[in-house]
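> structure of the sequence below:
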Amino acid sequence: MSPHLDFVGFSERQKALGLVGSVNEALHDASILHAVYMERLKTHEANAIVAFLNDEVFPDVAATLEKRLSRITARGYDSNVWKTKRYIEMLKGINELISAGMSSVSADVKKRLADIGVYEAQYQHAMLSNTLEQAGVLHLVPEVVLPSSNMLRSIVTSKPFEGRFLKDWWKGLERNAQATISSQINIGVATGESTPKIVRRVMGTSTTSFVDGALHTTRRHTTTIVRTAISHIASQAREMLWAENSDVIKGVKYVAVLDGRTTDICRTLDGQVFGIYEGPRPPMHHQCRSTTVAVTRSWKELGINLKEAPLGTRASMNGLVPANVTYAQWIRRQPIEFQNEVMGKGKAALYRRGVVPMDKFIDSKYRPLTLDQLVKLEDLMLSR
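Modelled structure (predicted):
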């Protein structure tokens, strides 16, 4: 785990960063900072998994391919290359190596993700408790409860993301790797390439850091799945914590990253508030970088008479969503060239006209609308 994943000096860091104001403002600012560190954690975890594949799985594939294919070439093929027994057994053996390697990686990923789920809930619990304490209201609200470790760890196997469970994503990765390798070997054999060239076709070359090999696709897909899975586990762990503390938490705010890589979906959802376990949650797509922030209840919603609360703390639990800049507000301030690059010239021009707001750029199922669909929507709104 990264050094930021400890709670020592949490309150001091809040003060130093100026995270003092209403409780919801402090939670928002602290969550944005935490999300930055979570991106670093995603990179660290994805790199560790890919390193295992590079060091423990792919070298065995290369060695087996080179050894067996050299023997087959030396002895010759049967009347039909694709029906040669030794050739079929070679492909089967390579598939088994991939399957065994992916199975080992899958078990490691499952454990890592479970640990991250527990950590995320603990961190959010500490952040909420410390923020309430810093505001001087911790003793006035219900005790903040942490979900059990078993409940948090169950997220890994019980909650699908983007329509599939983790095991299914991983099985698909395994099958794609097997199919890619077999396809490249077949192409190499069919075109009469030498054994070393076929091995390079599969593995790539050191001069390009192996990105020119077929297995680089597996590396990229592995990175995508790991990063997306971490986003999913962390998001669900936060949701579980907030559900356990619904007497203090009333809603969940969707927060996107303010830069040029943010997708149509997350640009649109940024700043919107939903009920606990209601509405969309990150990840809304592969490698989603958005996060969610808890919105606390007001004194009135907590059933506390304002006169009972200390004067200095009354504004701290106002229950209001902080008026931070949303993506829609932020992108409007950017140069036209940047807007065109991020949104596409057509959509950017349509957005600048101001008829169709950002929250209309996706449909009811959170799918981005095409430019033609948006133009028709603009015409409809102008005709009203």
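> how many neighbouring residues does residue 291 have?
By other Cβ atoms under 10 Å, the residues close to residue 291 number 23. No exception for glycine: its C-beta is placed from N, CA and C like everyone else's.
> hmm, I was thinking of residue 125
Residue 125 has 19 nearby residues by other Cβ under 10 Å.
> from residue 241, how far off is the closest residue to it other than its chain neighbours?
Nearest residue to residue 125, sequence neighbours excluded (Cβ to Cβ, 6 or more residues apart in numbering): residue 146, at 4.7 Å. As judged by Cβ to Cβ, to the nearest Å, residue 146 and residue 241 stand 7 Å apart.
> higher neighbour count, these two?
Neighbour totals were compared for residue 146 and residue 241, and residue 241 leads with 23 against 18 (other Cβ under 10 Å).
> give me the helices and strands touching the strand or helix carrying that one, please.
Residue 241 is part of helix 215-244, with elements assigned from DSSP states H and E. Helix 215-244 sits against helix 23-52, helix 85-134, helix 149-153, helix 155-158, helix 166-190, strand 249-255, strand 291-296, with contacts defined as 3 or more Cβ pairs under 8 Å, 6 or more residues apart in numbering; DSSP states H and E.
> cutoff 7 Å now
helix 23-52, helix 85-134, helix 149-153, helix 155-158, helix 166-190, strand 291-296 (3 or more Cβ pairs under 7 Å, 6 or more residues apart in numbering; DSSP states H and E).
> which SS class is the residue nearest to residue 125?
coil (DSSP: H, G, I helix; E, B strand; the rest coil).
> now do the shared contacts for residue 146 and residue 241.
121, 125 (Cβ atoms under 7 Å, 6 or more residues apart in numbering).
> which stretches of the stretch 251-384 of the chain form strands?
273-274, 291-296 (DSSP state E, counting those that start in this stretch).
> of these, which approaches residue 99 most closely?
Taking Cβ to Cβ, strand 291-296 is the member of the strands of the stretch 251-384 of the chain nearest to residue 99, at 35.0 Å.
> outside of the closest one itself, list whatever touches it.
23-24, 27-28, 31, 35, 128, 235, 238, 242, 248-255, 273, 281-282, 317, 319, 321.
> narrow these to those that are buried.
Buried residues within the contacts of strand 291-296, counting neighbours by 16 or more other Cβ atoms under 10 Å: 23-24, 27-28, 31, 35, 128, 235, 238, 242, 248-255, 281-282, 317, 319, 321.
> mind checking how far the residue nearest to residue 125 is from residue 232?
Counting by Cβ to Cβ - residue 146 and residue 232 are separated by 20 Å.
> same question for residue 247.
Residue 247 is 26 Å from residue 232, by Cβ to Cβ.
> any low-confidence regions in the chain?
The model of the chain has pLDDT under 70 over residues 1-21, 78-79, 305-325, 384.
> if we use 50, what do you get?
1-11, 13-20, 311, 314 (pLDDT under 50).
> returning to what we had before: tabulate the strands of the stretch 251-384 of the chain (TSV), appending distance to residue 75.
Formatted as TSV, the strands of the stretch 251-384 of the chain follow (distance: least, Cβ to Cβ, whole Å):
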stretch	distance to residue 75
strand 273-274	65
strand 291-296	58
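> out of those, which gets nearest to residue 198?
strand 291-296 (44.8 Å).
> strands paired with that closest one, and their directions?
strand 249-255 (antiparallel) (DSSP bridges).
> list of residues touching the partner strand?
Strand 249-255 is contacted from outside by 31-32, 242, 269-276, 280, 290-297, 301, 319, 321, using Cβ under 7 Å, 6+ apart.
> filter these down to the buried ones.
31-32, 242, 269-272, 274, 276, 280, 290-297, 319, 321.
> report how many residues lie close to residue 34.
Residues contacting residue 34 under the criterion other Cβ under 10 Å number 18.
> what of the one 10 residues further on?
By the criterion of other Cβ under 10 Å, residue 44 has 12 neighbours.
> can you check residue 191 too?
If we define neighbours as other Cβ under 10 Å, then residue 191 has 10 of them.
> just use 9 as the starting number from now, easier for me
New numbering, starting at 9: the last item is residue 199.
> and it, how close does it get to residue 218?
21 Å.
> of the strands of the stretch 259-392 of the chain, which is nearest residue 124?
Per Cβ to Cβ, nearest to residue 124 of the strands of the stretch 259-392 of the chain: strand 299-304, 13.9 Å.
> relative to helix 223-252, how tilted is the closest one?
0 degrees (axes from the mean of the first three to the mean of the last three Cα atoms, to 10 degrees).
> and the angle from strand 299-304 to helix 31-60?
Using the same axes, to 10 degrees, strand 299-304 lies at 150 degrees relative to helix 31-60.
> for strand 299-304, C-alpha coordinates in CSV please.
Output of strand 299-304 as CSV, limited to C-alpha atoms (Å, rounded to 0.1, in the frame of the first residue of the first chain):
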residue,chain,number,x,y,z
THR,A,299,-15.1,9.5,-7.5
THR,A,300,-18.0,10.0,-5.1
VAL,A,301,-18.4,12.2,-2.0
ALA,A,302,-20.7,11.8,0.9
VAL,A,303,-23.3,14.6,1.6
THR,A,304,-24.2,14.8,5.2
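> coming back round to it: now for the strands of the stretch 259-392 of the chain, which one comes closest to residue 112?
Of these, nearest to residue 112 by Cβ to Cβ is strand 299-304, at 30.9 Å.
> follow-up on the earlier one: for the residue nearest to residue 133, grab phi and psi.
phi -100, psi 130 (degrees, to the nearest 10).
> from residue 241, how far off is it?
Taking Cβ to Cβ, one finds residue 154 at 16 Å from residue 241.
> report how many residues lie close to residue 174.
Neighbour tally, residue 174, other Cβ under 10 Å: 23.
> pretty sure it is touching residue 237, no?
Yes. Using Cβ atoms under 7 Å, residue 174 is in contact with residue 237, at 5.9 Å.
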